[in-house]
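Engineer: Using only what follows, build the 3D model:
(2 chains)
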There are 2 protein chains.
Amino acid sequence: MNLTGKNLISGEFSGDTSHGFTAFNAQKNQPMATLFTNATEVEVNSAITRANEAFLSYSQLSANERATFLRTIGEQIIALGDDLVDVACAETGLPAIRIQGERGRTVGQLNLFADLLDKQEYQTVIEQGDSARQPLPKPDTRLGYLPLGVVAVFGASNFPLAFSTAGGDTASALAAGCPIVMKAHAAHPGTAELVATAILKAIKQCNIDAGVFSLIQGKKYQISTQIVTHPLVKAVGFTGSERVGMILQAQINQRVEPIPFYGELGSLNPQFILTNKLANQGVEIAEQLVASTLMGQGQFCTSPGIWLAIDDSQSGSCDLSSYQNFIDKAKATMITQPAGVMLTPSIRSAYNEQVTQWQTIQNVNLIAQGQQGEAFQCRSALFATDLSTFIKNKTLQEEIFGACALIIKCADFAQMLQFVTILKGNLTASIHALDGDLMQAQQLALPLAHKVGRLIYNQMPTGVEVCASMNHGGPFPASTAITTTSVGSEAINRFRRPICYQNIPSELLPQILRD
Amino acid sequence: MNLTGKNLISGEFSGDTSHGFTAFNAQKNQPMATLFTNATEVEVNSAITRANEAFLSYSQLSANERATFLRTIGEQIIALGDDLVDVACAETGLPAIRIQGERGRTVGQLNLFADLLDKQEYQTVIEQGDSARQPLPKPDTRLGYLPLGVVAVFGASNFPLAFSTAGGDTASALAAGCPIVMKAHAAHPGTAELVATAILKAIKQCNIDAGVFSLIQGKKYQISTQIVTHPLVKAVGFTGSERVGMILQAQINQRVEPIPFYGELGSLNPQFILTNKLANQGVEIAEQLVASTLMGQGQFCTSPGIWLAIDDSQSGSCDLSSYQNFIDKAKATMITQPAGVMLTPSIRSAYNEQVTQWQTIQNVNLIAQGQQGEAFQCRSALFATDLSTFIKNKTLQEEIFGACALIIKCADFAQMLQFVTILKGNLTASIHALDGDLMQAQQLALPLAHKVGRLIYNQMPTGVEVCASMNHGGPFPASTAITTTSVGSEAINRFRRPICYQNIPSELLPQILRD
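Structural biologist: Numbering: from 1, shown residues only, chains lettered A, B, ... in the order given. This is a model prediction of the structure:
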């Protein structure tokens, strides 16, 4: 395949690539060939303006027409074949099986929202008038939904397909009826271009205004600033680090018109291993947690970064304690893990720096590392500490993005509860328990639920089911918009808003609100 | 009745009233007797801290228990009897019949949310697991809702009951499971105190932690700042002017943790009178519009501030045109309207200043005024201008809070459509039309819907039905949170957030999510 390296603005490729940037092949540890453009201010403005011009016509498509469009995008993504997998693997360092799975999920998300659109009346309410009501007649009122307008979406480094160009934000916003201005992540611009061409084919096939989708390439800070502060942009979807998310939030806060900012940021995803579970299945849990931590080289937002277990080794007995067995198994499993590449050189540097820094903290022990690989690869790491050290050191409370976990040795169950009180918002938490742990699990679940978007029992946090009952979000800093989810059917409600039609004759009502 | 003038903090009256402020009796044009305290920093902090302490227990009440609590608040408000009506009338200058109606609406809102809680499964989703699914088993996932935490509510000057102490924000947040820290509006502190005592009685009767509700009195700017920037406050509800709303928004933007700000701000509520309607029922519409403008002395957020009609008087005919008939009737009706008092002396001054200022604008004509009353009363006012003057003068595009309307004479239907393109967000708009206008109504409705929270046909905008299909909100500046409504069942979703329970055993699930 040939990559142009250009922006795709309203159906036209544009941009000067001669002074552009390149992606990086993590597996080969070398820059890739294609030069990608840095979108100019004029190009960004043109993309947003065209999107706004396309808004009214796109918003008036029937739900079925939008559903067909979403399904066609999915078909065109599949039609890209191995080219897409090859480019995405090269740009991210992720293995082909992972990219293939993510492609399936991406198409699944598009189809989920298409199915939702086929149930056209989703959450509408019709209340007919009652002219006889006392003391005043009841007007006919009908609750429908309208799309917000142009939506800006930022691609995520760690999900080049499912949270990027045609990912969950794009799919839910297109389903709602919003045009998209997509800022490609500079780490996988080629993947973005390929998916954008798939969307363009779907646009042509469905005879939709090409302004509905534009792809902006660039590695310059001011491009993002221009996008999120543009008056015609009416909502922003972002998946990434807390640091970058809060920069965008601060810029959005400067706008005259407040707009929703759907930032899905970091998460520690604490794992609570209760007493009976530790005693009877501690070894299995240790293996599962290491495997979950290593998934995608730890570059999942749901990676289990903190493991809590109660130390029962203080009895003076010579028998190995359950806690020690768990630790030993975790160490033994971790040291066998092969080194891996990370998404980008800068993510790798950040990971290595944080792992090195944690080693300088008193009472924090690096108890195991994965295998040493090439210089450009990363070793997984397992740390252990106690609760008071964790509480004292803010740096331990920040996510390390990568294959690293911290075990917090609790003196007793009360310390687990104490941990929950200081815990900030998280995407997920898991409780690992057996029947005998049920009472403690109940005590833990009540306050813990208030700190997370998804509460899990005896399962690993990695792997997010895409379905109507999913929530992917949670209290800050897991998300900047606590009342919303970025995964699952409800994600559509981030990009549409209620409108009440009062006493409106049938001819003027949207089809779905007519009698 | 005896008013203490104090704060009500977690069941205890507190505060030094000796250097406090008084309310103003608009009808008598004199300050009222009771001195009200300015809450101290310690008192505000205490109210918020106690609310947070009460959060976990209150959030765990069953939906039925919360429903009973809401209904009991309503009963206790009714039990306040005429005292409440007398104080509210004195503090606001609104007539008793209006306050009685508003009381009914307030109780109706509490009962609406109680009824909603009785349908406990409201918007929950249960998807059972499927261990046989390929390629991966489907986990059991169940979508429930949790309250956000402490909610700060600001009383509205123009709705001393329905948008104040036990008004829509409080009712929906209590229904969601959130404790309330209520900032009383300084214009009706006595009304706030009385309603707070009703809530306190309900708290005792239902055996609820008194920290769930506190009332903060004060007329100092820094009290509001402290409330909205407090780390334990997790959402803010506000109904008031765009000016004050944007000050609060800016303060909230300074927080480390972003929280939702539900600000319901101003609105012009444009009225479009189409050709056939103007020709055949222009006189009736003129009367209805004047009556709607005068309701509550024009102090409704849905007051019809802009009327648009097409001038058909340029034909050179000596017959009076439809437009001229409409104008004449509007003028004749307006001049008979009695003067009235406004909510506060400062609102009156602002009204008078704006009306005076509009008279200085070229091509803006004051075509009628209501009757001249006492010096402390306000005269209603009717202005007329053309579209180009409206577009040129930003000041005409801002709401005048009070009994004032501006007629925009359109040269043709295209000018009505042009008006829509420059219109900012509004709570409502009405299209007044007959069958012969249907094609133009359709052309107008499509773009107009994107500018409003409620689109109305042949009815006045004043009077908001409280029901499941209502939306009260809309694009900025009508609201700061476009995806939400402040009236109707959906208002509860402002104060709760989704949570997914994955693979959770029945004993640990909220009752409503069990099999």
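
Engineer: Enumerate the residues of the stretch 201-350 of chain A near chain B.
Structural biologist: A:234, A:249, A:253, A:257, A:258, A:259, A:260, A:261 (Cβ under 8 Å from any Cβ of the partner chain). Placement of C-beta: from N, CA and C, glycine included.

Engineer: quick one: the fifth one is in a helix?
Structural biologist: I take that to be residue A:258. No. In this structure, residue A:258 is coil, not part of a helix, as judged by DSSP: H, G, I helix; E, B strand; the rest coil.

Engineer: Buried subset of the residues of the stretch 201-350 of chain A next to chain B, written for PyMOL?
Structural biologist: Buried residues within those, by 16 or more other Cβ atoms under 10 Å in any protein chain shown, are selected in PyMOL with:
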select buried, chain A and resi 234+249+253+258+259+260+261
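
Engineer: CSV for the residues of the stretch 201-350 of chain A next to chain B, including pLDDT?
Structural biologist: CSV is the format used below for these (pLDDT from 0 to 100):
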residue, pLDDT
A:234, 98
A:249, 98
A:253, 97
A:257, 96
A:258, 97
A:259, 98
A:260, 98
A:261, 98
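
Engineer: Show me which of the residues of the stretch 201-350 of chain A next to chain B is closest to residue B:406.
Structural biologist: residue A:257 (23.3 Å; Cβ to Cβ).

Engineer: Spatially nearest residue to that closest one (excluding sequence neighbours)?
Structural biologist: residue B:476 (4.6 Å; Cβ to Cβ, 6 or more residues apart in numbering or on different chains).

Engineer: what secondary structure does the one you found sit in?
Structural biologist: Going by three-state DSSP: residue B:476 is coil.

Engineer: Can you report how many residues lie near residue A:440?
Structural biologist: Per other Cβ atoms under 10 Å in any protein chain shown, the neighbour tally for residue A:440 reads 19.

Engineer: What residues does it make contact with?
Structural biologist: Contacts for residue A:440 were tallied using Cβ atoms under 8 Å, 6 or more residues apart in numbering or on different chains; they are A:274, A:275, A:413, A:433.

Engineer: same check, this time on residue A:363
Structural biologist: Here residue A:363 is in contact with A:385, A:386, A:389 (Cβ under 8 Å, 6+ apart).

Engineer: Mark which of the residues you listed are part of helices, please.
Structural biologist: residue A:389 (DSSP state H).

Engineer: Export the contacts of residue A:363 to CSV and append columns for neighbour count and distance to chain B.
Structural biologist: Converted to CSV, the contacts of residue A:363 look like this (neighbours: other Cβ atoms under 10 Å in any protein chain shown; distance: Cβ to the nearest Cβ, whole Å):
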residue, neighbour count, distance to chain B
A:385, 21, 25
A:386, 16, 26
A:389, 18, 24
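
Engineer: JSON lines for the contacts of residue A:363, including pLDDT?
Structural biologist: Formatted as JSON lines, the contacts of residue A:363 follow (pLDDT from 0 to 100):
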{"residue": "A:385", "pLDDT": "98"}
{"residue": "A:386", "pLDDT": "98"}
{"residue": "A:389", "pLDDT": "98"}
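
Engineer: I'd guessed residue A:410 sits against residue A:419; true?
Structural biologist: Yes. Counting by Cβ atoms under 8 Å, residue A:410 touches residue A:419, with 7.3 Å between them.

Engineer: other SSEs contacting the host helix or strand of residue A:42?
Structural biologist: Here residue A:42, judged by DSSP states H and E, is contained in helix A:41-59. Counting contacts by 3 or more Cβ pairs under 8 Å, 6 or more residues apart in numbering or on different chains; DSSP states H and E, helix A:41-59 packs against strand A:7-9, strand A:141-147, strand A:150-154, strand A:180-183, strand A:213-216, helix A:221-229.

Engineer: tell me the contacts of the nearest residue to residue A:402 once chain neighbours are set aside?
Structural biologist: Nearest residue to residue A:402, sequence neighbours excluded (Cβ to Cβ, 6+ apart): residue A:351, at 3.8 Å. Under the criterion of Cβ under 8 Å, 6+ apart, the neighbours of residue A:351 are A:342, A:378, A:400, A:401, A:402, A:404.

Engineer: Residue A:503 too?
Structural biologist: A:129, A:139, A:140, A:141, B:456, B:457, B:458, B:459.

Engineer: Burial check on the residue nearest to residue A:257, number of neighbours?
Structural biologist: 21.

Engineer: Report the separation between it and residue A:502.
Structural biologist: 21 Å (Cβ to Cβ, to the nearest Å).

Engineer: what's the overlap in contacts for residue A:410 and residue A:419?
Structural biologist: A:308, A:387.

Engineer: nearest residue to whichever residue of the stretch 301-450 of chain A sits closest to chain B other than its sequence neighbours?
Structural biologist: Taking Cβ to the nearest Cβ, chain B has its nearest neighbour within the stretch 301-450 of chain A at residue A:445, 4.8 Å off. In this structure, residue A:445 finds its nearest non-sequential neighbour in residue B:508, 4.8 Å apart by Cβ to Cβ, 6+ apart.

Engineer: isn't the one you found right next to residue A:444, touching?
Structural biologist: No. Counting by Cβ under 8 Å, residue A:444 is not a contact partner of residue B:508; they are 9.1 Å apart.

Engineer: which of those two has more neighbours?
Structural biologist: residue A:444 (24 against 20).

Engineer: thought residue A:197 was touching residue A:8?
Structural biologist: Yes. Counting by Cβ under 8 Å, residue A:197 does reach residue A:8; the two are 7.4 Å apart.

Engineer: quick one: which of the two has more around it?
Structural biologist: A direct count of neighbours by other Cβ under 10 Å for residue A:197 and residue A:8 places residue A:8 higher, at 26 against 21.

Engineer: Bridged to that one, which residues?
Structural biologist: residue A:13, residue A:215 (DSSP bridges).

Engineer: got a list of what it touches?
Structural biologist: Residue A:8 neighbours (Cβ under 8 Å, 6+ apart): A:193, A:196, A:197, A:200, A:213, A:214, A:215.

Engineer: Same question for residue A:328.
Structural biologist: Contacts of residue A:328 (Cβ under 8 Å, 6+ apart): residue A:320.

Engineer: residues of stretch A:499-506 that come out buried?
Structural biologist: A:499, A:500, A:501, A:502, A:503, A:504, A:505.

Engineer: Show me what the first one is bridged to.
Structural biologist: Residues in a beta bridge with residue A:499, per DSSP bridges, are residue A:144.

Engineer: ok, it to residue A:124 distance?
Structural biologist: 10 Å.

Engineer: Give me the common contacts of those two.
Structural biologist: Joint contacts of residue A:499 and residue A:124 (Cβ under 8 Å, 6+ apart) are A:143, A:144, A:145.

Engineer: What residues of the longest helix along chain A count as buried?
Structural biologist: When chain A is parsed with DSSP H, its longest helix is helix A:96-118. In terms of neighbour count (16+ other Cβ under 10 Å), helix A:96-118 has its buried residues at A:98-103, A:105-107, A:109-114, A:116-117.

Engineer: If anything else comes up later, I'll come back, but that's it for now.
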